[in-house]
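*Asks:* I need the structure of the sequence given here:
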Amino acid sequence: MDVRVINELVHKQSAFVEKLNAEVGKVIVGQKTMIERILIGMLTGGHVLLVGLGAPGRHPAHGDGRRLLVTGPGTRRGVRG
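*Replies:* Below is the predicted model of the structure:
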C-alpha cells in the first residue's frame, strides 16, 4: 500500500480527535498535553495515572492530592493518595 494512501486514511480516521480535544478543552482549560495523553491511553486501551496537587497547607506526609486511574474506555477508578 502506498504511503500517501495510508497517510490519507489515518488523517480521515483521526479527524474526530481534533473535535474531541476542542470540546474537552472548553471544560479543562490549559491542560492540552494532559488531555491528549489521557485520550491516547483511553483509545489504545492503556492506563493513565493522574496525580493532582494537594490542598494548600497540607503536609507532604499526608499525601500529594487526588489520584485518578483511567484504565480504558468507560472505566476509571478514584484512588486516594
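
*Asks:* Just to be sure, residue 46 is in a strand?
*Replies:* No - assessed with DSSP: H, G, I helix; E, B strand; the rest coil, residue 46 is coil; it does not lie in a strand.

*Asks:* Specify the local secondary structure of residue 38.
*Replies:* helix.

*Asks:* how near is it to residue 45?
*Replies:* 13 Å (Cβ to Cβ, to the nearest Å). C-beta: built from backbone N, CA, C; applies to glycine.

*Asks:* Which of these two has more residues huddled nearby?
*Replies:* Each of residue 38 and residue 45 has its neighbours counted (other Cβ atoms under 10 Å); residue 38 has more, 17 against 9.

*Asks:* pLDDT score for the residue nearest to that one when sequence neighbours are not counted?
*Replies:* For residue 38, ignoring the flanking residues on the chain, the nearest one in space by Cβ to Cβ, 6 or more residues apart in numbering is residue 48 at 5.2 Å. Here, the pLDDT recorded for residue 48 equals 80.

*Asks:* Residue 73 too?
*Replies:* pLDDT at residue 73 comes out at 59.

*Asks:* for the residue nearest to residue 38, which residues make a bridge with it?
*Replies:* Note on residue 48: beta-bridge partners by DSSP bridges are residue 70.

*Asks:* And the helix or strand harbouring residue 17, what's buried?
*Replies:* Residue 17 is part of helix 15-27 when elements are defined by DSSP states H and E. For helix 15-27, burial by neighbour count (16 or more other Cβ atoms under 10 Å) applies to residue 24.
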